[in-house]
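Colleague: After the sequence you'll find the predicted model.
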Amino acid sequence: MWAKIQRHAPNFPSAVLNFFEDSDYPASLRVVPNLDPQTKAITFALPPYIQPQTGKASLLFHHHDEKLAHLKSFLLTGDLQPGAGAWVFHPERFIPGMGMNGVASYWRFITQGRRTAKEYLRKRGLPRPKIGWKTLITWLEEAKHDQ
C-alpha cells in the first residue's frame, strides 16, 4: 500500500483531512501532506484552534478542473495521532477513486454508488426518490441559453 501512496500522493499538492472534533462533530480541513517513508506515515500541521480527536480519520486526495471535470482522486483511511510539532496520519487502507484506473474507476464509482444508495434506503425503509427529469432538462436548456 505504501508504494501506491508514494506513487500517487505527490501528484496532489494538498488533501482533505476528515476527522472528528473533540466535540464529536465531524469536520474536514485541507492540509498539506508530508510523506514520511521511514515511518510510512503522513504528517501535516493544523491550526492551533483545530482540536481533532485521535483515532479514525481519512485523507482525500483529489483534483479537478474549474468545471469539476477530469476528476482524479483516492482516499486513505487510517489513524490520526498528535506528534511532535505535527499531526501524524497512519494509513491503513488505500481506496482508488475516480480517474485512477482509467474507465474501470468510473464504472466502479457508478456501481458502488448505486449499491451504497440502495443499502442506505433499505436500512431506513425509504422508497427510491423520484427524480423530476423534465424539470432538470428544462434547467439545463435554460442554462445553455444563459451562456
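Modeller: That came through fine.

Colleague: Nearest the geometric middle of this structure, what residue?
Modeller: Centre of the chain computed as the mean C-alpha position; nearest residue by Cα atoms, centre = their mean is L60, 3.5 Å away.

Colleague: Just the mean pLDDT for the helix or strand hosting that residue, thanks.
Modeller: In this structure, L60 sits in strand 55-63 according to DSSP states H and E. Across strand 55-63, the average pLDDT comes to 95.

Colleague: the inter-axis angle of the helix or strand that it is followed by versus strand 55-63?
Modeller: Downstream of strand 55-63, the first helix or strand assigned by DSSP H and E is strand 72-82. Angle of strand 72-82 versus strand 55-63, following axes from the mean of the first three to the mean of the last three Cα atoms, to 10 degrees, is 150 degrees.

Colleague: how many neighbours does the nearest residue to S105 once chain neighbours are set aside have?
Modeller: Take S105 and drop its neighbours on the chain: the residue closest to it by Cβ to Cβ, 6 or more residues apart in numbering is M98, 5.5 Å away. For glycine as for every other residue, the C-beta is placed from the backbone atoms N, C-alpha and C. Neighbour count of M98, defined by other Cβ atoms under 10 Å: 16.

Colleague: close enough to count as contact, the residue nearest to the centre of the chain and K72?
Modeller: No - with contacts defined as Cβ atoms under 8 Å, L60 does not count as touching K72, sitting 11.5 Å away.

Colleague: got any ranges where the protein has weak pLDDT?
Modeller: 102, 147 (pLDDT under 70).

Colleague: Tell me which residues touch T54, please.
Modeller: Counting by Cβ atoms under 8 Å, 6 or more residues apart in numbering, T54 touches 79-82.
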